[in-house]
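Student: my questions are about this predicted structure, shown below with the sequence.
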Amino acid sequence: MKQIQKVSSYLLFIFNVLIIASPLFIIIQWIFIDSDTIKNLLAQGLLHHPVETPEGSIYLNAVNWTFTSKIIGFAGHFLGFLPLFLGFLVLKSIFRNYKNGEVFSMANAKHYRQLGWLFLINAFITNLLSQAMMVFVATNYRYITLTFGTPNIEVLFSGILVIVISWVMLEASKLHNEQQFTI
């Protein structure tokens, strides 16, 4: 148990850093999207994968950015990032409980269920809208596409798996509670 608590404290630190650094990274990237440094990183695909459009792949460094297109691009990118950010918050709660020695608890089962629902929301809503907004901006407002493919199915499968794990955790917490009250 001590090893779980020790690793959990390290992971809590990592999640705290990610909760602060990730949104800042996205904001800074979109503020300076016109700078040559960011454009070079975009050209190499280091900051963002090319946007798949009906016309083919478009790298974001090739887009002529206006204030409106930056806002839409940022909103699309941040919308796609939102489930991950909320997942960091949920995982932080889970590992805080682990650090406090609460492994099989009702709270952790609920957190795992929340994590599973975040996966499902990402597969069906945020990922689709995020991609549509990025295609809209990358094609200079000519196309809006909604695509559902293999990445969505992978996230969907992961969400279902995590929800099933939450049910197992809920049953384990009930057994743990019954065991505590048995003399």
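Tutor: Ah, there it is.
Student: from Q44, how far out is A62?
Tutor: The gap separating A62 from Q44 is 13 Å, by C-beta to C-beta, to the nearest Å. Any C-beta I mention is one placed from the backbone N, CA and C, and that applies to glycine too.
Student: which one of those two has more residues nearby?
Tutor: Just comparing A62 and Q44: by other C-beta atoms under 10 Å the higher neighbour count belongs to A62, 13 against 10.
Student: run through who's touching the helix or strand K39 falls within.
Tutor: Assigned by DSSP states H and E, K39 belongs to helix 36-43. The contact list for helix 36-43 (C-beta atoms under 8 Å, 6 or more residues apart in numbering) reads Q29, F32, I33, L47, H48, Y59, L60, N61.
Student: helices or strands up against the top helix by length along the chain?
Tutor: Ranked by residue count under DSSP state H, the longest helix found in the chain is helix 67-99. Helix 67-99 is packed against helix 2-31, helix 106-121, helix 127-138, with contacts defined by 3 or more C-beta pairs under 8 Å, 6 or more residues apart in numbering; DSSP states H and E.
Student: am I right that I163 falls within a helix?
Tutor: Yes. Under DSSP: H, G, I helix; E, B strand; the rest coil, I163 falls within a helix.
Student: flag every buried residue along the least confident helix or strand in the chain by mean pLDDT.
Tutor: Here the helix or strand of the chain ranked lowest by mean pLDDT, DSSP states H and E is helix 36-43, holding a mean of 77. If you call a residue buried by 16 or more other C-beta atoms under 10 Å, then helix 36-43 has these buried ones: I38, K39, L41, L42.
Student: and the angle from that helix to helix 2-31?
Tutor: Relative orientation of helix 36-43 versus helix 2-31 (axes from the mean of the first three to the mean of the last three C-alpha atoms, to 10 degrees): 110 degrees.
Student: confidence score at the spatially most central residue of the chain?
Tutor: The centroid of the chain falls nearest to L84 when counting by C-alpha atoms, centre = their mean (1.6 Å). Model confidence at L84, expressed as pLDDT, equals 95.
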